Structure formats: structure tokens, C-alpha cells
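# The sequence and its predicted three-dimensional model are supplied below.
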2 protein chains.
Amino acid sequence: MAQHIEEDLPPNLACLKNIDTLLRCPICFDFLNITMMTKCSHNFCSLCIRKFLSYKLLCPVCNSPLTEQDLRNNRLLDDLVVNFHDARQQLLKANFESPPISPKT
Amino acid sequence: MAQHIEEDLPPNLACLKNIDTLLRCPICFDFLNITMMTKCSHNFCSLCIRKFLSYKLLCPVCNSPLTEQDLRNNRLLDDLVVNFHDARQQLLKANFESPPISPKT
Ligand SMILES: [Zn+2]
Ligand SMILES: [Zn+2]
Ligand SMILES: [Zn+2]
Ligand SMILES: [Zn+2]
């Protein structure tokens, strides 16, 4: 599982919040790490879903029957996690370096 | 296929370029539309890959053998396309409304 990152987004970057949420694993709530996709189109970290399947042969999101053999790597998600993380850091940095102009008093 | 969008990103939003590229179909170069993922983990618009498979039973990216039955919906990508498009519009708008402070002459 990826390292935990919990920075609040400033209001002008709040539009990135949905993307942040979509890129997280529904089991560990961290960014997806070695993403595996089920037949029912749900995505989990490889370790998280394999651990879950050792208890129950169901998708943790929708309860469809599921085995390890049904899992498929979703590598585009791994690339998106890396690039989203980088972009967010750069936007936060740019945002910090040029704060909004405050009205003169 | 989604409508074509070709806005150049200003330098302070150039960090979004990689995400933009990742969310596009390798056949039509537009944003992914009803994303289908192959066993080899490559993603295409549903219409683009079905049209391609009517000519050749191969993945257009890596040439692995591929049939329609091997395709799996990758719905998270569809959600990411919608949310990325919205976020980019909002960032471009915010950027336009507060341009960088130009030095006094
Ligand atoms: Zn996880
Ligand atoms: Zn499911
Ligand atoms: Zn396409
Ligand atoms: Zn392929």
C-alpha cells in the first residue's frame, strides 16, 4: 500500500478532490497500488484484494462472485496515480508561491 | 468518440499534460469513451476496439491475440475522464481570472 497522504486541498484546487477519491482503493482508502480489476469492473490494490479473497470469494464492493483468476492488472490506473500525485504536488507548490492578491487595506 | 478538445495548457498547468495523454484512446486519440480493457491491460473506446477487431484479432498496442470476449469494461476510466475534464476546465477558468502579477514598469 502506498504511503498515506492527507493534505487538504486549497479551495481553488478543490476540483481535484473527485479524481483523488476515484484513484483510492475501497479497502485501504490509500492510492491504488498495483491495481487489479475484477470482472465487475471494481479496482483494488493487489495485496488488499488477495487478502480479502482468502476470506470470501466475493467482490467487496458489489458482492459478485470472484476468484483470484478473475483479477486483471489495470496498469493505466497505476500510471494515473503516479502522474496525479506529481501534478497535485506541482499545483500545490505553484499555488503556495503565488497566493491570491489580498485587497489593500 | 468524445468531442475533440484541443486547448493548449498554460505553463502553470502543464503538469496536467501527462494525465490528459493517459486518458486518451490509442486508436482515435480522443478521450476514452466507454472504456474497454484487454487481457494485456490496454484500453480503448468500445467502438474503436470493436471496429479494429473486425479486421484483426490482435491488440493494436502490443499485438497480443485478442477477441471481443476478452474485453472488459473499465468504468473507473470513464469516471476519471469526466472528472478530469471538469477539473481542467475549472483550473483553466481560475487561471484566466487571476493571471500572474506582471512587474510594474
Ligand atoms: Zn488497497
Ligand atoms: Zn464488484
Ligand atoms: Zn477511441
Ligand atoms: Zn495489448
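Sure, I can see it. Ligands and ions are numbered 1, 2, ... in the order given.
# quick one, what contacts the residue in chain A positioned nearest to ligand 4?
In chain A, the residue that lies nearest ligand 4 is residue A:75 (10.2 Å; C-beta to the ion). For every residue, glycine as well, the C-beta is placed using N, CA and C. By C-beta atoms under 8 Å, 6 or more residues apart in numbering or on different chains, the residues touching residue A:75 are A:35, B:41.
# Is ligand 1 within reach of the helix or strand harbouring residue A:51?
Using DSSP states H and E, residue A:51 sits in helix A:46-53. Yes. Helix A:46-53 is in contact with ligand 1 by C-beta under 5 Å from the ion, via residue A:48.
# hmm, back to that, distance of the residue of chain A closest to ligand 4 relative to residue B:42?
Counting by C-beta to C-beta, to the nearest Å, the separation of residue A:75 from residue B:42 is 9 Å.
# and the longest helix along chain A, C-alpha only, in CSV?
Scanning chain A for the helix with the most residues, using DSSP state H, yields helix A:75-97. Extracted in CSV, the C-alpha atoms of helix A:75-97 (Å, rounded to 0.1, in the frame of the first residue of the first chain):
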residue,chain,number,x,y,z
ARG,A,75,-1.8,-0.7,-15.3
LEU,A,76,-3.3,2.6,-16.6
LEU,A,77,-4.5,3.2,-13.1
ASP,A,78,-1.0,2.8,-11.7
ASP,A,79,0.3,5.3,-14.2
LEU,A,80,-2.5,7.7,-13.4
VAL,A,81,-1.8,7.5,-9.6
VAL,A,82,1.9,8.4,-10.2
ASN,A,83,1.0,11.3,-12.5
PHE,A,84,-1.9,12.6,-10.5
HIS,A,85,0.3,12.7,-7.4
ASP,A,86,3.1,14.6,-9.2
ALA,A,87,0.6,17.1,-10.8
ARG,A,88,-1.1,17.8,-7.4
GLN,A,89,2.3,18.5,-5.8
GLN,A,90,3.2,20.9,-8.5
LEU,A,91,-0.2,22.7,-8.4
LEU,A,92,0.0,23.0,-4.6
LYS,A,93,3.6,24.4,-4.9
ALA,A,94,2.6,26.9,-7.6
ASN,A,95,-0.5,27.9,-5.5
PHE,A,96,1.7,28.5,-2.5
GLU,A,97,4.2,30.6,-4.5
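# Please report the number of neighbouring residues for residue A:88.
For residue A:88, the neighbour count with other C-beta atoms under 10 Å in any protein chain shown is 18.
# In contact with the closest residue to it other than its chain neighbours: list those residues for me.
The shortest distance from residue A:88 to any non-neighbouring residue, by C-beta to C-beta, 6 or more residues apart in numbering or on different chains, is to residue A:16 (6.1 Å). Residues near residue A:16 by C-beta under 8 Å, 6+ apart: A:9, A:84, A:88, A:91, B:87.
# Narrow those to those that are buried.
With neighbours counted by 16 or more other C-beta atoms under 10 Å in any protein chain shown, the contacts of residue A:16 contain buried members at A:84, A:88, A:91, B:87.
# ok, residue A:23 touching residue A:32?
Yes. With contacts counted by C-beta atoms under 8 Å, residue A:23 reaches residue A:32, the gap being 6.0 Å.
# Now do the shared contacts for these two.
Common neighbours of residue A:23 and residue A:32 (C-beta under 8 Å, 6+ apart) are A:77, A:81.
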